[in-house]
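**Q** generate a structure from the sequence data that follows.
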Amino acid sequence: MTSRFTCLWLWTRLLVGLVVILRSGGEVVFKREIYDYIVVGAGSAGSVVASRLSEDSHVTVLLVEQGGDDRGIREIAVPALAARTWSNPNITQNFYSVPRPDRFKGLKNGEVKYKRGVILGGSSSINYMAYFRGDKSDFNRWANYTGDNSWDYPHVLAYFKKLERVTSPELRSPYRGSDGPVEVTLTYPLYKVTDKLIEAFRELGYKYNKDPNSESLEGVSRAQENSDNGQRSSASRAYLHPISERPNLDVVINAKVFKIDIQSRKAKGIFVLRQEKTFYVEARKEVILSAGAIESPKLLMLSGIGPKKHLEDLNISVVADLPVGDNLQDHVIFDLVASIEKPFNMPNVIIESPWAMEEYEVLRQGPLSVAGTGACFHTSTTPITKQMDWPDLQIFFSLFVPKYKDLADTLLHYDPDVQKELSARENATYAFGFLPIVARPASRGTLRLRSSNPLDQPVIDVNFLSVQEDVDVLVRAVEICKRVIQSKTMASIGAKLADVQHPSMCSQYIFDSTDYWGCVVKGRPLSGQHLSGTCKMGSANDVTAVVDTQLRVRHIQGLRVADASIMPYVTSGNTNVPTMMVGEKAADIIKGVQLPPTIISSDDVCPIQR
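**A** So this is what the prediction gives:
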């Protein structure tokens, strides 16, 4: 396939007036020669953009997705089976960062592993469904940076409320939406250890936050998930499935867009590969890239929009010299495990029991109805300043499942020696994991093309923990986790730190010392799978920006980007929901409308409790 596609691709580069091909054999692939709007990528943002634009029956919309249909796939629909999607190449595509064996000694080949959903819904079809918007200060920071108040918290709050339908009565407040397509619920309090963890944080003086998706992220809280009646509420399930018969929206799957046709600095259409055949489809008004923080910048660069020298080195004609692929950000995770003596009902004991399966099939309840996160914690580990007054640390609690050792390769991607050293902690029958996350990373990486061949994976240099500030956050997080483990609450169930000394790395330091943890967190960092920032949004005169605050690619007409790649700063929570918000806001920007800001007075009840 590769050689044949290369010939076809070269052919499209040589021809300016490419003949429009609408059929593949007897199958109609594209129903129209020209669409008003073409949306590339049916993920967390693209599904939203296509759905909202096609609400206007007078316009035609084409949504092109590289992957297949998400309907009828059990491991996508069932929350507790999310990890099984990661090893399915028909659902998930793997990417690897530039090898850094000298820095990431605990990772296989010194590489960070990335997983991207190639299916309707994108990564919203394979993630753990954690529903966190980020802190209000994240969006005020965007507004301050770009000089555009339409991106401040009151304005984006209106779009967060528009997209969600909160089903848990405990979460109802002026901050939350009740009529949107995305179902949101509190996680089912299934495992008693979750309650113990929350109690332990409160014992240490941290606040209990009834709803971190409201006034503030600060504190410990029960996790929220985007699930609907025990099933995943992905972007496709929320936005595309209900409108599958809409006549002015065409969704084409298993089709890879490999170049944008740009003539006289205007996006005219797209080149598509499907079943080893190339197609050209024209856009009457706009092309909107929603392919994610890896594929959107890659597609721009393949189309001649990117760093001039880089494109020239690959013999790609330069259309616009822009810093595409710079400003790459991700949430860095560290993995810490505690064992428990008391026999709690843990996932490895009950998740595949016959009664659990029956309960799920009949009632859509029980262990299979939740992803297993349970609770979450946010705090600031650094002194609060006027400029930075929101959490820089997020901690998830993973109810460890020793049975699924394939997770070590499918997600953790540890070096074999390190994995062997950590295996003792995984053999504990009753154990749980702390996952500290750098919520406001200062480190920045880059994404570049490997070659001018669209089938080649890009060069991803994550540059994790290159700024000491990020390392310090994780080291302080380890101390917080240890204090929780040593609390009276956790001592009552026999909690102990399960991590052990690494003979293969950091052995020059005393185990459990500050220097030891500083070495270990730098040696085996994990990705939060939240890549963002590679098509950075900024003001019209910001030379470091790729798109303006209307999400238009600078110097190019008829081309926008709407996904996580536009974030100037990654949000301090999970990125799936903010990305859907970007999709909602992008659709209104294109329509030329804007929701009024949501202003909530200080008299409203604050959900943070002691």
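**Q** can you pull the contacts of residue 557?
**A** Contacts for residue 557 (CB atoms under 8 Å, 6 or more residues apart in numbering) come out as 265-267. (C-beta placed from N, C-alpha, C; glycine too.)
**Q** give me phi/psi at it?
**A** Here is the backbone geometry of residue 557 (degrees, to the nearest 10): phi -90, psi 150.
**Q** now do it, the pLDDT please.
**A** What the model reports for residue 557 is a pLDDT of 98.
**Q** so what's it bridging to?
**A** Applying DSSP bridges to residue 557 gives these bridge partners: residue 266.
**Q** okay, it and residue 287: tell me how far apart.
**A** 10 Å (CB to CB, to the nearest Å).
**Q** what is the neighbour count of residue 468?
**A** Burial of residue 468 is recorded as 12 neighbouring residues (other CB atoms under 10 Å).
**Q** on that earlier part again, could you tell me which residues touch both of residue 557 and residue 287?
**A** Taking CB under 8 Å, 6+ apart as the contact rule, residue 557 and residue 287 both touch residue 267.
**Q** mind listing what the residue nearest the centre of the chain touches?
**A** The residue lying closest to the centre of the chain (CA atoms, centre = their mean) is residue 530, at 4.0 Å. Each residue near residue 530 by CB under 8 Å, 6+ apart is listed here: 329-331, 564, 570, 574-575.
**Q** nearest to residue 138, of those residues?
**A** residue 570 (8.3 Å; CB to CB).
**Q** which SS class is the closest one?
**A** coil (DSSP: H, G, I helix; E, B strand; the rest coil).
**Q** circling back to that earlier point, quick check, nearest of the contacts of residue 557 to residue 179?
**A** Using CB to CB, residue 267 comes nearest to residue 179 of the contacts of residue 557, at 34.0 Å.
**Q** which outside residues touch the one helix or strand residue 261 maps to?
**A** Element membership for residue 261, per DSSP states H and E: strand 256-263. Here strand 256-263 makes contact (CB under 8 Å, 6+ apart) with 9, 12, 16, 40, 64, 66, 267-274, 280, 282, 287, 289, 291, 299-300, 302-305, 319, 454, 556, 559.
**Q** show me what counts as buried in it.
**A** Across strand 256-263, burial judged by 16 or more other CB atoms under 10 Å covers 256-262.
**Q** stretch 157-170 now?
**A** In stretch 157-170, counting by 16+ other CB under 10 Å, buried: 157-167.
**Q** got the end-to-end distance for it?
**A** With CA to CA, to the nearest Å as the measure, stretch 157-170 spans 19 Å from end to end.
**Q** what lies in contact with it?
**A** Outside stretch 157-170, the residues that touch it by CB under 8 Å, 6+ apart are 48, 133, 136, 172, 175-186, 210-211, 213, 224, 228, 238, 577, 580-581, 584-585, 588, 595-598, 600.
**Q** and with 7 Å instead?
**A** For stretch 157-170, the external contacting residues (CB atoms under 7 Å, 6 or more residues apart in numbering) are 133, 172, 176-186, 210, 580-581, 584-585, 595-598.
**Q** give the buried residues for stretch 215-231.
**A** Under the neighbour-count criterion of 16+ other CB under 10 Å, stretch 215-231 has 215-228, 230-231 buried.
**Q** and for residue 32, the neighbour number?
**A** Neighbour tally, residue 32, other CB under 10 Å: 15.
**Q** just send the contacts of residue 530 back as CSV, with neighbour count and secondary structure too.
**A** Below are these laid out as CSV (neighbours: other CB atoms under 10 Å; DSSP: H, G, I helix; E, B strand; the rest coil):
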residue, neighbour count, secondary structure
329, 27, strand
330, 30, coil
331, 23, coil
564, 29, helix
570, 26, coil
574, 24, coil
575, 29, coil
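**Q** please identify which pair of these lies farthest apart.
**A** Going by CB to CB, the pair spanning those furthest: 329 and 574, at 13.6 Å.
**Q** returning to that earlier point: strand partners of the strand holding residue 261, parallel vs antiparallel please.
**A** Strand 256-263 has the following sheet partners, assigned by DSSP bridges: strand 266-274 (antiparallel).
**Q** buried set for the strand it pairs with?
**A** 267-274.
**Q** swap in stretch 125-144?
**A** 125-143.
**Q** identify the residues contacting residue 316.
**A** By CB under 7 Å, 6+ apart, residue 316 lies in contact with 304, 452.
**Q** report pLDDT for it.
**A** pLDDT recorded at residue 316 is 98.
**Q** what's the answer for residue 182, then?
**A** pLDDT, the model's per-residue confidence, is 98 for residue 182.
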